[in-house]
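Participant: sequence below, structure please.
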Amino acid sequence: MSGKADPGSGGRTETAVFVSLGTNIGGLEANLQRAVELIGRIEGVGITGRSAARITRPVGRTDQPDFLNQVLKLSTSLAPEGLLERLLAVEREMGRVRGERWAPRIIDLDILFYGELREESRKLVIPHPELINRPFFLEMVDEIAPGFLSGWPKFQVFRERQGEAPMQVVKTKDEVRELVARARQAGHTVGLVPTMGFFHAGHLSLMRICRREAEYTVVSLFVNPTQFSPGEDLERYPRDLARDREMARKEGVDLLFAPEADQMYAGDSSTFVEETRLSRGLCGASRPGHFRGVATVVTKLLNIVQPEVAVFGRKDLQQLLVIRRLVRDLDLPVRIVAGRTVREPDGLAMSSRNRYLGQEERSRAAEFYRALTRAAQRIGTGGEPPAVVLPEAAAAVESATGGRIEYLEALDETLSRAGEAAACRYLAGALQLGGARLIDNVDVPPG
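Facilitator: Predicted structure coming up:
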């Protein structure tokens, strides 16, 4: 590629360069931003493009947090070795100490492409030799410089690799069983993420956990009618298969199972699975039959997929504990993994039903989480009795949001009401706000 000559470069023309950034220690977004600022200060370098950041699974050593990655397009008059030296200086300034390969890092900077240059030396290989194994970087390059990769001899190999194992979308149980059997024949462990769709960042975090825990990830997308009580939002529950399919594909899901109701339930179906202790209170009390529907559909999905691991979100705490009890009591050979609650910047737990909130309701909704957190501190750290704290917290939520508290409970490990502060493990609540029913829970800190 050609460009204007830089006065301090001995006549060398400026070249388009692509540099990858990666971080998985500390404040990830702040780390990327700091690296971008420092790269922008390098003499002879200008930033001309910046991809969207993307969370990716670690490569080589998987027992570490996910990475946040990005690609910059630079215009530079520096020679490749000179640019590399300055990028390594940025790493050092940010506190990176190079050592063990694949180790967690505060920042990692690599030259992916330097124009059309092909170079292999002791210090530097261009294009980066691991690009084929990191397709997310190629996708970021293609995002900010469409057409650039068409001039790279290995680009077709990349496209072919993308086509080797595209995400498959199926609607029948037989198709799922056949594809899972093939995965097992190839030596892969299988993971399952059951969902009702309309994905948000919380769902995507569960998919990433599943991809870490298993080699073949199945996501089910099924709005299960048996867990909706009469008069609930079954018909208006948000659905967008095309959107969900694309989001799952970008997360590297292997198989999306999106059945219709008649595929999951025979017309004369009369068999159900029911847990009778953990499911009695909280949401079980206000939504009759809900957890029977949950337990039944989860059991069916576990039988269809037969995964080694299944991943559920911690936001639905009661559901998570019911499923763990179900698996234990029925001796199902699956490991249940919990994903943390993913929240909006103001603290509101992410939920597909948040879209039911009007603009004003949404601006007030985060007070629910804030009140739960304050109450948990008072009970745990302060040792105050739940009987005193919870009514005050409920009144504060209703006053601040204009909603109605359905329940707000202090619970022990078994989801039984905890009367003493020392026995409290969780605070859990449900809030009816406008057209949305919000649920949330927090841990009570030890006193």
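Participant: tell me the mean pLDDT over stretch 296-309?
Facilitator: The pLDDT scores in stretch 296-309 average 98.
Participant: I'd say Met167 and Val253 touch.
Facilitator: Yes. Between Met167 and Val253 there is a contact at 5.3 Å, judged by CB atoms under 8 Å. Any C-beta I mention is one placed from the backbone N, CA and C, and that applies to glycine too.
Participant: comparing the two, which residue is more hemmed in?
Facilitator: Just comparing Met167 and Val253: by other CB atoms under 10 Å the higher neighbour count belongs to Val253, 23 against 17.
Participant: could you check how far the more buried one is from Leu78?
Facilitator: To Leu78, Val253 is 40 Å away according to CB to CB, to the nearest Å.
Participant: for Ala387, the count of nearby residues, please.
Facilitator: Neighbours of Ala387 under the rule other CB under 10 Å: 10.
Participant: what about it, distance to Ala410?
Facilitator: 9 Å.
Participant: same check, this time on Thr381
Facilitator: Thr381 sits 14 Å away from Ala410, going by CB to CB.
Participant: ok, those two, which is more surrounded?
Facilitator: Using other CB under 10 Å as the criterion, Thr381 and Ala410 rank with Ala410 on top: 26 against 13.
Participant: the more buried one belongs to a helix?
Facilitator: No. Looking at Ala410 with DSSP: H, G, I helix; E, B strand; the rest coil, it is strand, so not inside a helix.
Participant: let me see the contact set for the nearest residue to it once chain neighbours are set aside.
Facilitator: Leaving aside its sequence neighbours, Ala410 sits nearest to Pro386 (CB to CB, 6 or more residues apart in numbering; 3.7 Å). Contacts for Pro386 (CB atoms under 8 Å, 6 or more residues apart in numbering) come out as 379, 410, 418-421, 424.
Participant: if I look at Arg239, how far off is Gly197?
Facilitator: From Arg239 across to Gly197, the span is 6 Å (CB to CB).
Participant: and Ala375, by the same measure?
Facilitator: Ala375 sits 33 Å away from Gly197, going by CB to CB.
Participant: look at these two and report which has more neighbours.
Facilitator: Ranked by neighbour count (other CB under 10 Å), Ala375 and Gly197 place Ala375 first, with 27 against 23.
Participant: nearest residue to the middle of the chain?
Facilitator: For the chain, Ser205 is the residue whose C-alpha lies nearest the centre (CA atoms, centre = their mean; 1.5 Å).
Participant: what's the helix or strand containing that one packed up against?
Facilitator: Per DSSP states H and E: Ser205 is located in helix 201-213. Contacting helix 201-213 under the criterion 3 or more CB pairs under 8 Å, 6 or more residues apart in numbering; DSSP states H and E are the following elements: strand 190-195, strand 216-221, helix 241-250, strand 309-313, strand 335-339.
Participant: redo the ones you listed as a markdown table? Include mean neighbour count and distance to Asp329.
Facilitator: As requested, those are arranged in a markdown table below (neighbours: other CB atoms under 10 Å; distance: least, CB to CB, whole Å):
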| stretch | mean neighbour count | distance to Asp329 |
| --- | --- | --- |
| strand 190-195 | 26 | 18 |
| strand 216-221 | 26 | 22 |
| helix 241-250 | 16 | 31 |
| strand 309-313 | 24 | 16 |
| strand 335-339 | 18 | 13 |
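Participant: where among the ones you listed is average confidence lowest?
Facilitator: Here the helices and strands packed on helix 201-213 differ in mean pLDDT, and the lowest is helix 241-250 at a mean of 90.
Participant: show me what secondary structure element comes after it.
Facilitator: Following helix 241-250 in sequence order, the next helix or strand is strand 255-257 (DSSP H and E).
Participant: what is the rounded mean pLDDT of that following strand?
Facilitator: pLDDT averaged over strand 255-257 gives 96.
Participant: what sits up against that strand?
Facilitator: Residues from elsewhere that reach strand 255-257, judged by CB under 8 Å, 6+ apart: 167-171, 176, 179-180, 216-222, 244-245, 248, 304-305.
Participant: next one: it to chain centre, how far?
Facilitator: Taking the mean of its C-alpha atoms, strand 255-257 sits 17 Å from the chain's own mean (CA atoms, centre = their mean, to the nearest Å).
Participant: can I see the domain layout of the protein?
Facilitator: Domain segmentation of the chain under automatic domain parsing yields 7-162, 169-339, 352-443.
Participant: before we move on, what SS does the residue nearest to Met196 when sequence neighbours are not counted have?
Facilitator: Distances taken as CB to CB, 6+ apart place Val223 nearest to Met196, at 4.9 Å, with adjacent residues excluded. Under three-state DSSP, Val223 falls in the coil class.
Participant: show me what contacts Val223?
Facilitator: 196-197, 234, 237, 239 are the contacts of Val223 under CB under 8 Å, 6+ apart.
Participant: now the strands for the stretch 101-250 of the chain?
Facilitator: Using DSSP state E, counting those that start in this stretch, the strands assigned to the stretch 101-250 of the chain run over residues 108-114, 119-120, 125-126, 168-170, 190-195, 216-221.
Participant: the bottom helix or strand of this protein by mean pLDDT?
Facilitator: None of the helices or strands of the chain scores lower by mean pLDDT, DSSP states H and E than helix 155-164, at a mean of 51.
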